[in-house]
Every structure is written in structure tokens, then in C-alpha cells.
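Asker: Kindly generate the corresponding structure for this input.
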Amino acid sequence: MSPAGAVPRARFAPDRSTYLQSHVTLALLAMPAAMILLWLTGTPHVWTGAVGALAAVAARGWYLMSEELGHVWEMTDSALTGPAERHVPLTDLARVRRIGSAVQLVTHSGDKHLIKFQREPAAVVARIGAARPEAG
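Answerer: Predicted structure coming up:
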């Protein structure tokens, strides 16, 4: 994953339990939202919203799990490399912040990337922040 000759300083792999917990949280938010939407539209069987939302989130989670858990980012002395040949030089980072269980990388040109499903996203932010040239 790292460019030829570049030695990874850190590896940020998605955490399976964090992935599952994120989907449980999504289901817990989607179920009542779907029920309220059905209630507002006058549907007599409001409970079907909860069942449908749970089924949709579970199907999505199951279908995408192997792909999402394969998205690993590596950090070398000069850059972060990730899935789909993403390459973000550390000098090009304008902002690194936590969004839930993800870490958002924002470049000076406005490009945004997510390092998703991290068990300790604050630690990932700190690790990347310490590696940035301005920090050192």
C-alpha cells in the first residue's frame, strides 16, 4: 500500500466491533425515524417502519462489511496512503479531526478523506497530528 521504499510508521485498520457498533447505533436512530415518517403519512401499520429500517441497516452492514473492513490506511514519514490509491502528503493536510468513529483528513485544496471505524479515533488524530511537519 505504501509507495515503494516508504516504510510505514503507522497502520490504521478498521475495527470490526466499532463497525458493528456503528451499525447498531444507525439502526437505533433509523427505526424510530421510519416509524415517525410512516405515522406522519397516515400509514396504519407504523411498526413496519422499525422492521424495515432494521432490515435495511442489517443488510447494508452485512453486504459492505468485508469491503469496509479492508480499507486500511498507512502513514509514512511523508504521507498517508489509503484505499483506491488515495495519497495525502502530510504537508498537504489543513485539518485532521474526529467525526464519530472516523477521522477526517482535509487537504489545503479542500479534498476530504475518511479513515473509518477506528476504535480510538482521538488517538489516530493525535498520531497524525504529531507526524505533521508543522508539529515537529
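Asker: which residues of the chain score low on pLDDT?
Answerer: Within the chain, the stretches with pLDDT under 70 are 1-5, 134-136.
Asker: what's the residue closest to the geometric middle of it?
Answerer: For the chain, the residue nearest the mean C-alpha position is residue 116 (2.2 Å; Cα atoms, centre = their mean).
Asker: and the gap between that residue and residue 87?
Answerer: Separation of residue 116 from residue 87 (Cβ to Cβ, to the nearest Å) stands at 18 Å. For glycine as for every other residue, the C-beta is placed from the backbone atoms N, C-alpha and C.
Asker: if we can go back for a sec, doesn't residue 99 make contact with the residue nearest to the centre of the chain?
Answerer: No. The criterion here is Cβ atoms under 8 Å, and residue 116 misses it with residue 99 at 9.4 Å.
Asker: all strands for the protein, in order.
Answerer: For the chain, applying DSSP state E gives strands covering 10-12, 73-75, 79-82, 86-89, 93-99, 102-107, 112-115.
Asker: Please point out which parts of the second one sit buried.
Answerer: Put plainly, it is strand 73-75. Under the neighbour-count criterion of 16 or more other Cβ atoms under 10 Å, strand 73-75 has 73, 74, 75 buried.
Asker: This protein - how does it break down into domains?
Answerer: 15-68, 73-131 (automatic domain parsing).
Asker: what sits against the residue nearest to the centre of the chain?
Answerer: Residues near residue 116 by Cβ atoms under 8 Å, 6 or more residues apart in numbering: 14, 68, 71, 101, 102.
Asker: And the helices in this structure, which stretches?
Answerer: 16-40, 47-68, 121-131 (DSSP state H).
Asker: Which one of these lies nearest to residue 91?
Answerer: Closest approach to residue 91 among the helices of the chain is made by helix 121-131 (10.8 Å; Cβ to Cβ).
Asker: Strand 93-99 and the closest one, what's the angle between them?
Answerer: Angle, helix 121-131 to strand 93-99, by axes from the mean of the first three to the mean of the last three Cα atoms, to 10 degrees: 160 degrees.
Asker: And the contacts of helix 121-131?
Answerer: With Cβ under 8 Å, 6+ apart as the test, helix 121-131 has contacts from 9-10, 12, 75, 77, 80, 90, 93, 96-103, 105, 115, 118, 135-136.
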